[in-house]
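Student: take this sequence and fold it.
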Amino acid sequence: MVEVGNFKFIETKIPDLYIVEPKVFGDARGYFMESYNKEHFDKAGLTMTFVQDNESRSKKGVLRGLHFQTQHTQGKLVRCTEGEVWDVAVDLRKGSPTYGQWEGVYLSSENKRQFYVPEGFAHGFVVLSETATFNYKCTDFYSPEHDGGLLWNDEDVAVEWPLDGIEEVLLSEKDKKQKKFKELDLPFVYEG
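Tutor: Coordinates of the predicted model:
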């Protein structure tokens, strides 16, 4: 873990993948926090530049992912500003010591944690609360012609989705048809 400014940067078992905990300053009026500070992120070694912000709102059981772009790859700094999600990243970088492995983290409006998912990862989340608002900053623009995905329940990756209390996993038509890990032809290379 590295603490810089108003942030704790917690390394996960997968290289380059970080949980980010902002300092939250609260009193009887409410709270204040920085969700991003380029100077502090740079000092922690996360020197990305963000060019696009996105937001989604989903109901309980919605699973979005696992997505990536084969060109115009996107690093993402994600957080949940209302409700709770289980957020997952899968390492797709050939040559990585954690190739094909996943990491998951609970993100919620209460814990205010963020997850930095760099380029070369598949990313997705499932909504655990009645509704959730999910925000993410991206290092490149959305490029639909380079959109790719990994099947959310691929048995080789074996993500342990916390689905207790979820009657039905709600997927887009696109996400129902994503490829399995063995079928992916990936351009990502680990540069360790």
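Student: list the buried residues of stretch 99-114.
Tutor: Judged by neighbour count using 16 or more other C-beta atoms under 10 Å, the buried positions of stretch 99-114 are Tyr99, Gly100, Gln101, Trp102, Glu103, Gly104, Val105, Leu107, Ser108, Lys112, Arg113, Gln114. (Each C-beta comes from the backbone N, C-alpha and C, glycine too.)
Student: out of these, which is nearest to His67?
Tutor: Trp102 (13.7 Å; C-beta to C-beta).
Student: gap between the closest one and Ala158?
Tutor: Separation of Trp102 from Ala158 (C-beta to C-beta, to the nearest Å) stands at 8 Å.
Student: same question for Arg57.
Tutor: From Arg57 to Ala158 the distance is 29 Å (C-beta to C-beta).
Student: again with Arg29
Tutor: 45 Å.
Student: which one of those two has more residues nearby?
Tutor: When Arg29 and Ala158 are compared for neighbours, Ala158 comes out ahead with 11 against 6, by other C-beta atoms under 10 Å.
Student: and the pLDDT at the more buried one?
Tutor: pLDDT recorded at Ala158 is 98.
Student: try Glu191
Tutor: 89.
Student: helix/strand/coil for it?
Tutor: Reduced to three states with DSSP: H, G, I helix; E, B strand; the rest coil, the structure at Glu191 is coil.
Student: equivalent analysis for Asp175, please.
Tutor: helix.
Student: residues in contact with it?
Tutor: Leu63, Arg64, Gly65, Gly149, Trp152 (C-beta atoms under 8 Å, 6 or more residues apart in numbering).
Student: now the two most distant members of those residues.
Tutor: Spatial extent of the contacts of Asp175 (C-beta to C-beta) is set by the pair Leu63 and Gly149 at 11.7 Å.
Student: so these two - more neighbours on which side?
Tutor: More crowded of Leu63 and Gly149, by other C-beta under 10 Å: Leu63, with 23 against 20.
Student: hmm, Lys174 and that one touching each other?
Tutor: No. Applying C-beta atoms under 8 Å, one finds Leu63 not in contact with Lys174, separated by 11.9 Å.
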